[in-house]
Each structure stands twice: as structure tokens, then as C-alpha cells.
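**Student:** Could you look at this predicted model? Sequence included:
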Amino acid sequence: MRNSCSTSVYVKSSAAIVFLLFAIYYVTQAQRIDLEANRIYDSLKIEGAPNETYSLFLPENYNANDTWPVLYIFDPVGRGITGIHAFMDAARAYGYILVCSNNSKNGPLETNFEIASHLFFETLSYLSVDHSRIYAAGFSGGSRLAFALAMQNPIIKGVIGCGAGFPGQNPLVETTFFYLGIVGDLDMNYLEMKKVEEWMDHINVNNHRILFEGNHQWPPKESILKSFQWIELNSMQTGEKAVDNKIILEMYLESYAEAALLHEEDSNYEYVDLLKRITKRFEKLINVDSLHEQITSLESDRKYQKGFSDLTELEDHESELHGYYIGLLKKQLQNPVDTFLTTWKREFRILDSRAASKEEMIVKSTSRTISAIAAWCIETGQFSSSNGDYETAITVNLAWLAVRPKDTYANFRMAKYQAGNGNANKAINYLKRSINNGFRNKAFIINTLEFKPIMDNKNFKKLLSSM
């Protein structure tokens, strides 16, 4: 699933905006004396861009006499505070400045490049930043944007990509930055993130992948902390920070203990996979010959080989299913709605039977497939409705409702699309379902453009007054 910042293939061109280098070397630094350390600022304004704001966190000991690493964060729907909160514990532990745009969101890359350029110029004009430690991060479409920004700006030393990889179909062939991918085991982009790691290894790019138990979401704080630990290790490897053998040993033992738990659970493939990642992470800092020996021994074991073969076959099948279902969705958009629903009811009976498997790997694979279908429906509905094509938005949203009939946001979006298509009664009925399933943001309803024409409808008013 793309969750992309652009519907077109990302291609690095001669017209690329290398704005960060300019910002660093040509912007005159000016102090903001009114900002306090160890607190979050929600909506700081950007000079020269009156409609753009950002959220900011300064570490506890921040002062202008020292320089500090900075992480620029991009949320797929422009929630600055959400992005800040995801990284704040790790930033406190390691002394990072955090900056997150309130305006960049899934959409055309050029638009987001312009927003990011304003953000960089503004913050680098007054923050005391270590220019050798500037990083970018993001979730979903924001992850793709962070990647694209790093491709355009060699001063960005690393990317933390959460839940999505490359910003287009063309694979990266060279880079000056490291890449750290974080993904949930139920994320519909799980296979994509594995392939990103494989490609990065293939072209010898410094990279690491962190896996957590969860869906397509901002990673839990524990995973974010691991990512900062990896960055610290990387900084020691590159000489940007002094080598601290005590910290290295502590991190190594913690990582190995995590792997040992998998071994106790008899998860041979996952155990070997994590051992490989630990080896790659520490081999330039400490002797990991014993890990290499364990990996070689386990990979020669028939049980491991059988498990690896089964997993590879399952993941290949999952990839085929994703392609099949997205292709079917596109094809079905050409057919009447009743045919569309009949087809999807049949397909989801098949998926439901797979989800009832006793094999955990099959259950997870099926969950990712269902999430991929829902995500495609969401993205296509958003794109179609933004172009005034509410009929298409309604049709694909029916498939999403077939996946999750009680989903709060599936029902809310259907209400929005029905209202946009002039169907007041259907809009109110779907909105009622959304509210009954937990939707509580009354202000968001009032500010949704599609609901404006039915604001005076007595049933709509009654529904709002009940919230």
C-alpha cells in the first residue's frame, strides 16, 4: 500500500529543491528568547508563511551556547503534536530537538517540499543545531516524504521511516544517509519494509529494521527509543560521537536478551532474523563472531529451513493477494454497486476463513491483507472526493465497510461522501452509526465542508445536539 505523498512515481530531477543546504549556510541566525526548554510548543508560526505552523520540543538542558541534534518529523495528516509525542521520551533521553509540521500531509511532493523548506528556513534561523546531526522522520506518507527530503538534501544524515518506505516505485541506488525502518507485524506495508531493508543491504546502505507488535500506526515509545539507540551507535561508528564501550555493551546485552526470548518461544526464524540484525548493528563496534556461528548453525538446521521455506511461500502468497485484491477493486469500480458488494462479500468470506487459522503467521498475513484493502479504499475515497467524484468515493467506501462495518471512521467518511453527493438522509444515517460507534469530535463534523448544505436539516441538528 503506497500511503504516498504523491500519486506519481518519485524521480529525483535537476529541478530538485536543495533548500536545507541553503538554509544552513545562508540564513542569519536570530535568537528566540521566549522559548523554554523541556516543553512542547503546539503552533509556532512561520514568518513569511502566515498559514503554516509547527510544533517544537526543546530538550531539558537546551541552550544556545551548545549545538544539538534535531529531528524533523512529518505526520501524514499534519498533526504536529502527535509527531512530537511519538519521539518525546527518546528526545528527552538523548537530548534532541524535535520539530513537526502542522501542514505537511499526504499529497503532492512539490507542495510538501515547499512547506518543508519554510519549516527548515524558520527553525534553522534561530535554533542552535548540530549541522552534522540533522535527521528526518515520518509515519506512512510522512515517512515517504522524509525519505524524499533526504534524497534532495545531503545534509540530512539519516531517516527514521515508520510504516512506509520509498517515496515512489523507483528503488534507491545511492544515498548519503542511513535508513532506519520501523514497522508493525500487522502493518499492510510490512512486506514493503522488509524489501526496503533487503534493497538497502544489497546496495550497501547503512540501515536497520525494528519490528513491533502492532498495526499501521506511529510506533510505540519502546521502538522509538531503540531507534535512537541505533542512531547513537551509528554516531559512534562514524566518529560523530566518542565511543562509549559501556553503553555499547549495555545495548548489546539488551538486544541479545530480546532475541533469547524468541529462542525460548521456539521461533527459530524470528530468532535468526533478529540475530542477523543485531550482528549488523554491532559488528563494527564489538566482536560478534559467536553470533555468526549461531546463525550459521541454525540456518543449517532442517527445522529452520522448513520454517523459512514456509514463511517465504506465505509472504509470496500475501504479496500476490495484495495485487489481486487491489486489481479487483479497480476492476469492480467499472461494475454496478450491487455486483461490487456481492463480489466483496464472497471475497471476505474467504479472508475470514484464513483469519480463523490456527497458524499465527497466516492470521497475521490475512490481517495485513485486509488492512491493505481498507487502506486502498481510504486513499482512493479521499482522492476521488477531493476531485468531486463522490460516486467513486462511495463505491470504494462500501468495500471498506464490508471489511469493518462498525468502523467509526468508515461510517464517518461514508456520511461525508453521501452528503457531498447530495444524499442528506443517507449522510445522517451513516453519521449516526459513526457516533454510535464512538465518534465524538463534534467540531470536526461542523467544520467538514460536505456537511455545510445540511446544517439546517432538523435531523442533522438533532444528531449533533445528542453528542
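**Tutor:** Cool, got the structure. Numbering: from 1, shown residues only.

**Student:** remind me which residues of the stretch 101-250 of the chain are low pLDDT?
**Tutor:** 169-172 (pLDDT under 70).

**Student:** If we use 80, what do you get?
**Tutor:** Applying pLDDT under 80 to the stretch 101-250 of the chain flags residues 107, 168-174, 240.

**Student:** Show me where it has its strands.
**Tutor:** All strands of the stretch 101-250 of the chain, identified by DSSP state E, counting those that start in this stretch, fall at 129-139, 156-162, 178-184, 207-212.

**Student:** For those, give me a markdown table that also has mean neighbour count and distance to Lys416.
**Tutor:** Using the backbone N, CA and C atoms, a C-beta is placed for each residue, glycine as well. Shown next, in a markdown table, are the strands of the stretch 101-250 of the chain (neighbours: other C-beta atoms under 10 Å; distance: least, C-beta to C-beta, whole Å):
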| stretch | mean neighbour count | distance to Lys416 |
| --- | --- | --- |
| strand 129-139 | 22 | 23 |
| strand 156-162 | 26 | 27 |
| strand 178-184 | 25 | 27 |
| strand 207-212 | 21 | 32 |
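
**Student:** Which one, of these, ends up nearest to Asp244?
**Tutor:** Judged by C-beta to C-beta, the one of those that comes nearest to Asp244 is strand 129-139, at 16.1 Å.

**Student:** ok so, going back, I'd like to know which of the strands of the stretch 101-250 of the chain is closest to Leu253.
**Tutor:** Taking C-beta to C-beta, strand 207-212 is the member of the strands of the stretch 101-250 of the chain nearest to Leu253, at 17.5 Å.

**Student:** From the chain's centroid, how far away is the closest one?
**Tutor:** Put simply, strand 207-212 sits 13 Å off its chain's centre (C-alpha atoms, centre = their mean, to the nearest Å).

**Student:** by how many degrees do that strand and strand 178-184 diverge?
**Tutor:** Inter-element angle recorded for strand 207-212 and strand 178-184: 20 degrees (by axes from the mean of the first three to the mean of the last three C-alpha atoms, to 10 degrees).

**Student:** Adjacent strands (with direction) for strand 207-212?
**Tutor:** Its sheet considered, strand 207-212 pairs with strand 178-184 (parallel) by DSSP bridges.

**Student:** so the strand it pairs with versus strand 129-139, what angle?
**Tutor:** Here the directions of strand 178-184 and strand 129-139 differ by 30 degrees (the same axes, to 10 degrees).

**Student:** so what's His322 closest to, chain neighbours aside?
**Tutor:** Nearest residue to His322, sequence neighbours excluded (C-beta to C-beta, 6 or more residues apart in numbering): Ala372, at 5.1 Å.

**Student:** Can you tell me the element the one you found falls in?
**Tutor:** Taking DSSP states H and E as the definition, Ala372 sits inside helix 360-386.

**Student:** Just want the angle from that helix to strand 178-184.
**Tutor:** If you take the same axes, to 10 degrees, helix 360-386 sits at 100 degrees to strand 178-184.

**Student:** Could you name the helices and strands sitting against helix 360-386?
**Tutor:** Where contact means 3 or more C-beta pairs under 8 Å, 6 or more residues apart in numbering; DSSP states H and E, helix 360-386 is packed against helix 302-332, helix 337-355, helix 390-403, helix 408-420.
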